[in-house]
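Chemist: Prediction below, plus the sequence it came from.
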Amino acid sequence: MRHLIDPTDFTVEEINQLMLRALDIIDNRAKYADACRGKKLATLFYEPSTRTRLSFTAAMMELGGNVLGFSDAASSSVSKGETVADTARVISQFADIIAMRHPKEGAPFIASQYASIPVINAGDGGHSHPTQTLTDLLTIRRELGRFDHLTVGLCGDLKYGRTVHSLIKAMGRYEGVKFVLIAPDELRLPDYIKHDVCDANNLEYIEVSTLEEAMPLVDVLYMTRVQEERFEDRAQYLRLRDSFILDTDKMALGKKDMIVLHPLPRVNEITPEVDNDPRAAYFRQVENGKFVRMSLIYTLLEWKTQDTRHETRELVEGDKCSNHRCITTIEPAKNLYYKAENNIWRCIYCDHEK
Ligand code: NCD
């Protein structure tokens, strides 16, 4: 059985297959109308979500399947103290596939270790968001026709923005991709992405401090919201939230055939006038999210007979993870660390340094 916890759980070839199937779904909707008839998707959302949950729901409905679940941890047995491991075991008896969003990093990974059905990570804390990445990839493919030799600008909250982490991991596997990082000092990319993903794979990236510098360079500009809910210091959030605002003046500095993406929700970081620019692809991106989730659900159900991928990293047991957003701070899981770049040990659930 296969799960999607991290975008690199799928090979480049498998991602390609997912994209091709999503494109086939777009062209042949009727062919897939009964593809998941009799199957059930459980949406376990422990954290607020509109588009991701509804996108999963719409995707399963368009495949002819059914959806059950909860959208608020308070209305589930978590409020009675149930572990993610137990919830995953229980839900496996009711559904055929799980999509889980959780504020704690690594929660869907734990679920995948205990579930007997495929688990999809629909966003875990400030860590990863692989289905948003599939959405981004399908959009890039439909808009620009390729993944290689693109310069991707990432702007805003690169520290807590889980969509950014997953997108870099996924795009970094294609030939000639470069990154332009645009973030306030306090919200720069976490070390494990910078060192273990970018440096370890010799990915080219530059850090700039203004959108004006980035605009002429990028083929894709990925705007993100400053993640208010992940800040411990509210004053810091208020100070940083409007650091970068994309407006029509800045768009005028961009390439003619570049595109602007945003996982949404947008707060202030793109002015509404930009929506009228044909290069603003973020609403088309939403629709792609549904198609790619259809492709993903269908494919994971089809792959149910495949072997679960085995852990190949060198692991050691250790003390409790020091990241307060790590699932192991609330779940009685064994604390395991893998050997990363420069012999640094990182938590297998949240990638935080030991
Ligand atoms: C993103 C998320 O949840 O991380 N939203 C989404 O899934 N479309 C981005 C965000 O909340 O800022």
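Modeler: Done, it's in.
Chemist: Residues contacting the helix or strand bottoming out on mean pLDDT in the chain, please?
Modeler: For the chain, counting by mean pLDDT, DSSP states H and E, helix 191 ranks last in confidence among helices and strands (a mean of 90). For helix 191, contacts defined as C-beta atoms under 8 Å, 6 or more residues apart in numbering pick out residue 353. Using the backbone N, CA and C atoms, a C-beta is placed for each residue, glycine as well.
Chemist: Please list the residues of the stretch 1-150 of the chain that sit near the ligand.
Modeler: 51, 52, 123, 129, 132 (C-beta under 6 Å from any ligand atom).
Chemist: distance between the least confident helix or strand of the chain and the chain's centre?
Modeler: Computed by C-alpha atoms, centre = their mean, to the nearest Å, the chain-centroid distance of helix 191 equals 18 Å.
Chemist: How about stretch 287-301?
Modeler: With C-alpha atoms, centre = their mean, you get 14 Å for stretch 287-301.
Chemist: Flag every buried residue along it.
Modeler: By neighbour count with 16 or more other C-beta atoms under 10 Å, stretch 287-301 contains the buried residues 287-301.
Chemist: Point out the ones among these that are inside helices.
Modeler: Using DSSP state H, the members of these that fall within helices are 287-301.
Chemist: out of the residues you listed, who's nearest the ligand?
Modeler: The ligand has its nearest neighbour among those in residue 289, at 7.5 Å by C-beta to the nearest ligand atom.
Chemist: Tell me which residues touch the closest residue to the closest one other than its chain neighbours, please.
Modeler: The shortest distance from residue 289 to any residue other than its chain neighbours is 3.9 Å, reached at residue 135 (C-beta to C-beta, 6 or more residues apart in numbering). Residue 135 is in contact with 263, 285, 286, 288, 289, 292, 293, counting by C-beta under 8 Å, 6+ apart.
Chemist: and the stretch 201-350 of the chain, which of its residues are near the ligand?
Modeler: Neighbours of the ligand within the stretch 201-350 of the chain, by C-beta under 6 Å from any ligand atom: 225, 263, 264.
Chemist: Output those residues in TSV, with secondary structure appended to each entry.
Modeler: Shown next, in TSV, are those (DSSP: H, G, I helix; E, B strand; the rest coil):
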residue	secondary structure
225	coil
263	coil
264	coil
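Chemist: Relative to residue 135, how far out is the residue most central in space within the chain?
Modeler: The centre of the chain sits closest to residue 129, judged by C-alpha atoms, centre = their mean, with a distance of 1.7 Å. Between residue 129 and residue 135 the computed distance is 9 Å (C-beta to C-beta, to the nearest Å).
Chemist: between these two, what contacts are shared?
Modeler: residue 263.
Chemist: rewinding a little: doesn't the residue nearest to residue 289 belong to a helix?
Modeler: Yes - counting by three-state DSSP, one finds residue 135 located in a helix.
Chemist: Report how many residues lie close to residue 249.
Modeler: 12 (other C-beta atoms under 10 Å).
Chemist: Then the one 4 residues further on?
Modeler: The criterion is other C-beta under 10 Å. On that basis, residue 253 has 13 neighbouring residues.
Chemist: So it, which state does it fall into?
Modeler: Look at residue 253: counting by three-state DSSP, its state is coil.
Chemist: Spatially nearest residue to it (excluding sequence neighbours)?
Modeler: Closest residue to residue 253 apart from its sequence neighbours, by C-beta to C-beta, 6+ apart: residue 215 at 3.8 Å.
Chemist: Identify the residues contacting that neighbour.
Modeler: Residue 215 touches 153, 221, 250, 251, 253, 254, counting by C-beta under 8 Å, 6+ apart.
Chemist: which residues sit against stretch 138-150?
Modeler: Taking C-beta under 8 Å, 6+ apart as the rule, stretch 138-150 contacts 19, 22-23, 137, 171, 174-178, 219-220, 257, 259, 261, 281, 284-285, 288, 291-292.
Chemist: same thing but at 6 Å, please
Modeler: If you take C-beta atoms under 6 Å, 6 or more residues apart in numbering as the criterion, stretch 138-150 is touched by 19, 22, 174-177, 219-220, 259, 281, 285, 288, 292.
Chemist: swap in stretch 170-182?
Modeler: Counting by C-beta under 6 Å, 6+ apart, 7, 12, 133, 147-155, 197, 201, 203-208, 214, 217-218 sit against stretch 170-182.
Chemist: Would you mind writing the ChimeraX command to select the buried ones in these?
Modeler: Burial among those is assessed by 16+ other C-beta under 10 Å; the matching ChimeraX selection reads:
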select :7,133,147,150,151,152,153,154,155,197,203,205,208,214,217,218
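Chemist: Looking at the contacts of stretch 170-182, which are in helices?
Modeler: 12, 133, 214.
Chemist: In this structure the second one contacts residue 169, no?
Modeler: No - with contacts counted by C-beta atoms under 6 Å, residue 133 stays clear of residue 169, the gap being 7.7 Å.
Chemist: Identify the contacts common to the two.
Modeler: Residues touching both residue 133 and residue 169 (C-beta under 6 Å, 6+ apart): residue 7.
Chemist: Would you mind measuring from residue 287 to residue 139?
Modeler: For residue 287 relative to residue 139 (C-beta to C-beta), the value is 9 Å.
Chemist: just residue 247 next, same as before
Modeler: 22 Å.
Chemist: How is the chain partitioned into domains?
Modeler: Taking automatic domain parsing as the criterion, the chain consists of the domains 7-129+287-305, 132-285, 315-347.
Chemist: Any idea which of those domains gets closest to residue 1?
Modeler: domain 7-129+287-305 (5.5 Å; C-beta to C-beta).
Chemist: Distance across that closest one, terminal residue to terminal residue?
Modeler: End-to-end distance of domain 7-129+287-305 (C-alpha to C-alpha, to the nearest Å): 20 Å.
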